[in-house]
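Participant: What follows is a protein structure lacking sequence information:
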């Protein structure tokens, strides 16, 4: 049998790194804060409505309410609709972007996804290797696409090279390898001409608004934004790792 790690997920309580929680660094300190009463309970926003209440009850918290915030949970404390959130964390980047922190003892659950396979079948059966490769590539492509958006805009220009140069002059518009620039054909007075060019780039969530602003500053209009589901690279690292382990 073989085990191949896929992803480790952590479900921690997350608090603002400022205000009344600035000096709170552990679950014990949180429980000792005097303001939690039946009239003013600790407000936790989460989508895990079974794990959260059970965890707080097991740790002696009596005055806690739970809610599900619309949209991104990480914005709930800043909006004043929750004191803390309980959400999934993998890299911790979202916490830092929203000025949130984990506290000692506040991890509700750690989970790890693994792919279990029979070495002999992987070596001897090409069909098993094919299915395994597809599973690994789908997982990796999806994880790579988390928090990434496709941004498309139209822009006037004299050539693809001139438009590309304008786009690349802006720090947030480089995309994965660079912008895709293609002509947009319009019909004027019975003639077909390409007065506009379509710009397509891939942008991470944290740079999304800044990228839109930069596109507009250099003449971009009709900006469209779509979340990405998969980003397939030329090589899948976990598949290469598996082939090395199998000595194939």
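Facilitator: Right, received. Where do you want to start? Computed from a predicted structure; not experimentally measured.

Participant: where do the strands sit along the chain?
Facilitator: Assigned by DSSP state E, the strands in the chain fall at 2-16, 42-46, 64-67, 84-86, 100-117, 148-156, 180-188, 191-204, 221-227.

Participant: which of those strands is buried the deepest?
Facilitator: Comparing the strands of the chain by mean neighbour count (mean count of other C-beta atoms under 10 Å), strand 84-86 comes out on top with a mean of 25. The C-beta positions use only the backbone N, C-alpha and C, and glycine is treated the same way.

Participant: Show me what it pairs with in its sheet, parallel or antiparallel.
Facilitator: In the sheet, strand 84-86 lines up against strand 2-16 (antiparallel), strand 42-46 (parallel) (DSSP bridges).

Participant: In terms of mean pLDDT, which of those strands ranks lowest?
Facilitator: Sorting the strands paired with strand 84-86 by mean pLDDT places strand 2-16 lowest, at a mean of 69.

Participant: Ignoring the adjacent residues along the chain, who's closest to residue 53?
Facilitator: Nearest residue to residue 53, sequence neighbours excluded (C-beta to C-beta, 6 or more residues apart in numbering): residue 66, at 6.0 Å.

Participant: swap in residue 121?
Facilitator: Nearest non-adjacent residue to residue 121, counting by C-beta to C-beta, 6+ apart: residue 128, 4.7 Å away.

Participant: Tell me who's in contact with the one you found.
Facilitator: Shown in contact with residue 128 (C-beta atoms under 8 Å, 6 or more residues apart in numbering): 117, 121, 122.

Participant: And residue 184, by the same measure?
Facilitator: With C-beta under 8 Å, 6+ apart, residue 184 has these contacts: 154, 194, 195, 196, 197, 198.

Participant: Show the model's pLDDT score for the residue nearest to it when sequence neighbours are not counted.
Facilitator: Excluding its sequence neighbours, the residue lying closest to residue 184 (C-beta to C-beta, 6+ apart) is residue 196, at 4.1 Å. Residue 196 is assigned a predicted lDDT (pLDDT) of 86.

Participant: before we move on, what about residue 130?
Facilitator: Per the predicted model, pLDDT is 92 at residue 130.

Participant: what's around it, how many residues?
Facilitator: 10 (other C-beta atoms under 10 Å).

Participant: quick one: least confident helix or strand in the chain?
Facilitator: strand 2-16 (a mean of 69; mean pLDDT, DSSP states H and E).

Participant: in the protein, which residue is closest to the centre?
Facilitator: residue 147 (3.1 Å; C-alpha atoms, centre = their mean).

Participant: Go ahead and confirm it touches residue 203.
Facilitator: No. Applying C-beta atoms under 8 Å as the test, residue 147 and residue 203 come out as separate, 9.8 Å apart.

Participant: picking up where we left off before, got a markdown table for the contacts of residue 184, with distance to residue 219 too?
Facilitator: Output for the contacts of residue 184, formatted as a markdown table (distance: C-beta to C-beta, whole Å):
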| residue | distance to residue 219 |
| --- | --- |
| 154 | 9 |
| 194 | 15 |
| 195 | 12 |
| 196 | 10 |
| 197 | 10 |
| 198 | 13 |
